[in-house]
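> The sequence and its predicted three-dimensional model are supplied below.
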Amino acid sequence: RVRLAMNYAVNVDEVIKTVLDGKGMRVATMLTDKHFGFDPKLMPIKQDLGRTKQLLTEAGFPGGLDMTLNAPQGRYVRDKEVAEAIAGQLTKAGIRTTLKTFEWGTYLNTMAYVHKAGPVWLIGWGTTTYDAETVYVPLFRSGKILGNYHNADFDGMIDQAQTIMDAKKRLELYHRINRLWVEEMPAVPLYQQIDLYGASNRLNWKAR
């Protein structure tokens, strides 16, 4: 309930508009529309502070709660500013958030990789294969180096999806995984970053 309350507390569209100058695309899960396993039927959660209050009360926190958000500084485009904006929105919604930022190497080696970045931490993720497996397994499969989420049903379906050879059946399974993920909301999905490139006409170069 607290995780879901956090999702209703933030206004990601506002963060994209004001912090990223519009250079971001809202996502409903950790998958983009380029990933195999993406489900276009799933829509991002819209800010609803009344729902946040209701969920916090149901979770036993009618007066709100206090927590820490850990984030890197200098790894992603305006990552500190994004974290500051998210922390401010959470605080206004009753989830009083203290932000702590860290240099990227310190963040990974002394916090993320050793599971000490909680209770809430900012991470970006990109893969070259655009397959849901490369997002769900390292970030959310229990027992993985960055995984802090534990759900036996989720793990079972993720393991099954890694062995299915039939693409249609595999896609159907990932859609089931997506729906479970949205029900559980182990993270607050934010946006797909839009990269900007500067180029000189003296160079023969194309963006990836």
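Perfect, I can see it now. Numbers count the residues shown, from 1 in each chain.

> Please count neighbours and contacts with C-alpha atoms only from this point.
Noted.

> Can you check which helix is longest in the protein?
helix 167-184 (DSSP state H).

> can you tell me the average pLDDT over it?
Averaged across helix 167-184, pLDDT comes to 98.

> and if you look at stretch 90-106?
Mean pLDDT, stretch 90-106: 97.

> buried set for it?
Using 16 or more other CA atoms under 10 Å as the test for burial, stretch 90-106 gives 90-91, 93-97, 99, 101-102.

> if you look at those, which of them are in strands?
The members of the buried residues of stretch 90-106 that map onto strands under DSSP state E are 95-97, 99, 101-102.

> Surely residue 185 is in contact with residue 5?
No - Residue 185 is beyond contact range of residue 5, at 9.7 Å (criterion: CA atoms under 8 Å).

> so can I have CSV of the buried residues of stretch 90-106 showing distance to residue 151?
Output for the buried residues of stretch 90-106, formatted as CSV (distance: CA to CA, whole Å):
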residue, distance to residue 151
90, 26
91, 28
93, 28
94, 27
95, 25
96, 27
97, 26
99, 28
101, 29
102, 29
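
> wait, is residue 25 part of a strand?
Yes - using DSSP: H, G, I helix; E, B strand; the rest coil, the secondary structure at residue 25 is a strand.

> just checking, it touches residue 44?
No - the pair residue 25 / residue 44 is not scored as a contact, 10.7 Å apart, by CA under 8 Å.
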